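**Student:** missing the sequence, but the structure's below:
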């Protein structure tokens, strides 16, 4: 049993901690929470999936004693389970945002709340909504709030769901399979154990997934037509 009082912030940010102390069910809950619950924004989604790929046999073995005996089958089972949790999590975030949208769009400005930011978000999602949902999967913190904002600005449900599924499958596949096969490749070719250098891996993953979006923000086109209140009654 984990001593809760002994858990530190470093533990909470360490993907290896969740794998070794929580196993498969904690992994699935974290993916769901990070993509569907606002308080899950600090959880290590990318690096956790990368490490889960390395420990795929161990994780699936907790569900099927002894595992399947096949690396590919273990990864495939893990891929399906994690994807389902990620898709449902994002949908929950969207649903929550959709329920909050009418209130926020009709709320008066205050020191902490400016309605103009909602319209800017609406403009952005009208122009880049699909891309935003897909690429947000690869960005810490942003992937937690992207579906909520999509719901608030009333992004089309069907469109959201399509990109939700596409983005989740791409994210889970890339992280799980990269973790599993890169670990094997580095160990076989260089005798380098990725599990002993997780801090470096986390930093590299964040840089790789964040750079394209930062480039788009600072150097992409910013002109767009003014957005309208999606909840305005005609």
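**Tutor:** Nice, I can see it. This is a predicted model, so every value here is computed, not measured.

**Student:** quick check: mean pLDDT across stretch 64-72?
**Tutor:** Averaged over stretch 64-72, pLDDT sits at 84.

**Student:** Could you list the residues in contact with that stretch?
**Tutor:** 56, 57, 60, 61, 74, 77, 180 (CB atoms under 8 Å, 6 or more residues apart in numbering). For the C-beta atoms, the positions are set from N, CA and C on the backbone; glycine is no exception.

**Student:** What is the end-to-end distance of that stretch?
**Tutor:** The straight-line separation of the ends of stretch 64-72 (CA to CA, to the nearest Å) is 15 Å.

**Student:** for stretch 108-116, same thing?
**Tutor:** 11 Å.

**Student:** Tell me the spacing between residue 194 and residue 180.
**Tutor:** Using CB to CB, to the nearest Å, residue 194 is found at 10 Å from residue 180.

**Student:** coming back round to it: wait, which of the contacts of stretch 64-72 is closest to residue 157?
**Tutor:** The closest of these to residue 157 turns out to be residue 77 (CB to CB; 29.5 Å).

**Student:** which residues touch that closest one?
**Tutor:** So residue 77 contacts 60, 63, 64, 68 (CB under 8 Å, 6+ apart).

**Student:** Secondary structure class of residue 69, three-state.
**Tutor:** What DSSP: H, G, I helix; E, B strand; the rest coil gives for residue 69 is coil.

**Student:** Next, count neighbours for it.
**Tutor:** For residue 69, the count of nearby residues is 9 (other CB atoms under 10 Å).

**Student:** same thing with residue 161?
**Tutor:** For residue 161, using other CB under 10 Å, the count is 15.

**Student:** Same check on residue 132?
**Tutor:** If you count neighbours by other CB under 10 Å, residue 132 ends up with 23.

**Student:** In this structure it contacts residue 145, no?
**Tutor:** No: checked against CB atoms under 8 Å, the pair residue 132 and residue 145 is beyond contact range at 10.9 Å.

**Student:** Mind listing residues that contact the host helix or strand of residue 143?
**Tutor:** Taking DSSP states H and E as the criterion, residue 143 maps to helix 142-152. Residues outside helix 142-152 that contact it (CB under 8 Å, 6+ apart): 34-38, 40-41, 45, 90-91, 93-101, 104-105, 118, 121, 125, 129, 132-133, 136-137, 160, 164, 213.
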